[in-house]
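> predicted model and sequence below, questions to follow.
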Amino acid sequence: MAQTAPQLKVAVAGATGRMGHMLIEAIRASGDCQLAGALDVAASPAIGNDAAAFLGLASGVPVTADLQAGLQNAQVLIDFTRPEGTMAHLKACRAGGVKMVIGTTGFTDPQKREIADAARDIAIVMAPNMSVGVNVTLKLLEMAAKALSTGYDIEIIEAHHRHKVDAPSGTALKMGEVIAEAIGRDLKECAVYAREGVTGERDPSTIGFSAIRGGDIVGDHTVLFAGTGERIEITHKSSSRTTYARGSLRAARFLAGRDKGLFDMFDVLGLR
Ligand SMILES: NC(=O)C1=CN([C@@H]2O[C@H](COP(=O)(O)OP(=O)(O)OC[C@H]3O[C@@H](n4cnc5c(N)ncnc54)[C@H](OP(=O)(O)O)[C@@H]3O)[C@@H](O)[C@H]2O)C=CC1
Ligand SMILES: O=C(O)C1=N[C@H](C(=O)O)C[C@H](O)C1
């Protein structure tokens, strides 16, 4: 008799959001993962509906706001919601021994510390960008920043859709952190998030951020190293959210072999 391989049981938080839908579609198409739960806010009109109804399909998994019900069959929760939602899900996952892939952005430092603390009990992959391309770009930036640490002004420009609620994007901040670390600066001390009025000349030790919001832009990031007589631009452009969903499933599979610890996409992709 043919043996069927065991499937990874994955729950999705923010199941009716932009990423939630992409994830449910990717899980159904994967062949090795199974949708095991679908969470959303209690006020969502989709509560009680089948989580795959937006695809015209039946998964047998209802959208629920009850964390215990949504997590009871899951090995991993993939969370693309808001920081306050993620923190509530984190507590439930820690209590229930459910691993987490966290794609949500906009966390405060205390929230990040709480996530790191939870990783003493459960395995977590957390990254502001799950795409392979962005994570390879982060490695390119590390190299470029080291070579261009003096004589080049560093500016990070990001553009996203009109619905995005946090700025700068988590990816832009991560780019800033990677660059700052590569050249021995502290992003908290050198980041400039806004310029208006008489700003004075640019301080060469700063890293500037600019955020554009409009239309349906999926996510563009450019790091500009502006020198005298030349400038270098390293750009990544997302044209579809499928890359984030595929990366999230890679992260979920990576967690299948881990019991605890905090990991990122460098760990998942072997880029460390
Ligand atoms: N790491 C990565 O690769 C990527 C990260 N992101 C990040 O993922 C997050 C979600 O993005 P996106 O899918 O576009 O956003 P959406 O607004 O489309 O989806 C968010 C989902 O989370 C739900 N939600 C909102 N607040 C809460 C809460 N307090 N508790 C539980 N659920 C909640 C929303 O429900 P409702 O709509 O009913 O309020 C919605 O279903 C953002 O932080 C974004 O920056 C996005 C893309 C890639
Ligand atoms: O909100 C989004 O859409 C995205 N958010 C992430 C971020 O804040 O970096 C990743 C990607 O850029 C899309």
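Great, that's in hand. Quick caveat, the model's predicted, so the values are computed rather than measured. Ligands and ions are numbered 1, 2, ... in the order given.

> going by C-alpha atoms from here, please, whenever you check contacts or count neighbours.
OK.

> chain center to stretch 49-65: distance?
24 Å (Cα atoms, centre = their mean, to the nearest Å).

> tell me the buried residues in it?
In terms of neighbour count (16 or more other Cα atoms under 10 Å), stretch 49-65 has its buried residues at 50-52, 59, 61-65.

> now, the most widely separated pair of those residues?
Ser59 and Ala65 (17.3 Å; Cα to Cα).

> which helix or strand contains Asp117?
Assessed by DSSP states H and E, Asp117 sits inside helix 109-118.

> which helices and strands sit right next to that helix?
helix 83-96 (3 or more Cα pairs under 8 Å, 6 or more residues apart in numbering; DSSP states H and E).

> can you tell if the helix it packs on touches ligand 2?
No - shown here: helix 83-96 not in contact with ligand 2 (Cα under 6 Å from any ligand atom), separated by at least 11.8 Å.

> output that helix as CSV - backbone C-alpha positions only.
Output of helix 83-96 as CSV, limited to C-alpha atoms (Å, rounded to 0.1, in the frame of the first residue of the first chain):
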residue,chain,number,x,y,z
PRO,A,83,2.3,43.7,16.6
GLU,A,84,-0.5,43.6,19.2
GLY,A,85,-2.0,40.5,17.5
THR,A,86,1.4,38.8,17.3
MET,A,87,2.1,39.3,21.0
ALA,A,88,-1.3,37.7,21.9
HIS,A,89,-0.6,34.8,19.5
LEU,A,90,2.9,34.4,21.0
LYS,A,91,1.5,33.9,24.5
ALA,A,92,-0.9,31.2,23.2
CYS,A,93,1.8,29.5,21.1
ARG,A,94,4.3,29.5,24.0
ALA,A,95,1.6,28.0,26.3
GLY,A,96,0.6,25.4,23.7
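
> what about whatever helix or strand comes next after it, near ligand 2?
Sequence-wise, the next helix or strand downstream of helix 83-96 (DSSP H and E) is strand 99-102. No - Strand 99-102 does not reach ligand 2 (Cα under 6 Å from any ligand atom); its nearest approach is 11.2 Å.

> for strand 99-102, packing partners?
Judged by 3+ Cα pairs under 8 Å, 6+ apart, strand 99-102 is in contact with strand 76-79, helix 83-96, strand 123-126, helix 242-255.

> thinking again about what came up before, can you tell me which of the buried residues of stretch 49-65 are in strands?
Using DSSP state E, the members of the buried residues of stretch 49-65 that fall in strands are 63-64.

> would you turn the buried residues of stretch 49-65 into TSV with distance to ligand 1 and pLDDT?
Conversion of those to TSV gives the following (distance: Cα to the nearest ligand atom, whole Å; pLDDT from 0 to 100):
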residue	distance to ligand 1	pLDDT
Asp50	14	98
Ala51	11	98
Ala52	14	98
Ser59	18	97
Val61	16	98
Pro62	14	98
Val63	10	98
Thr64	10	98
Ala65	8	98
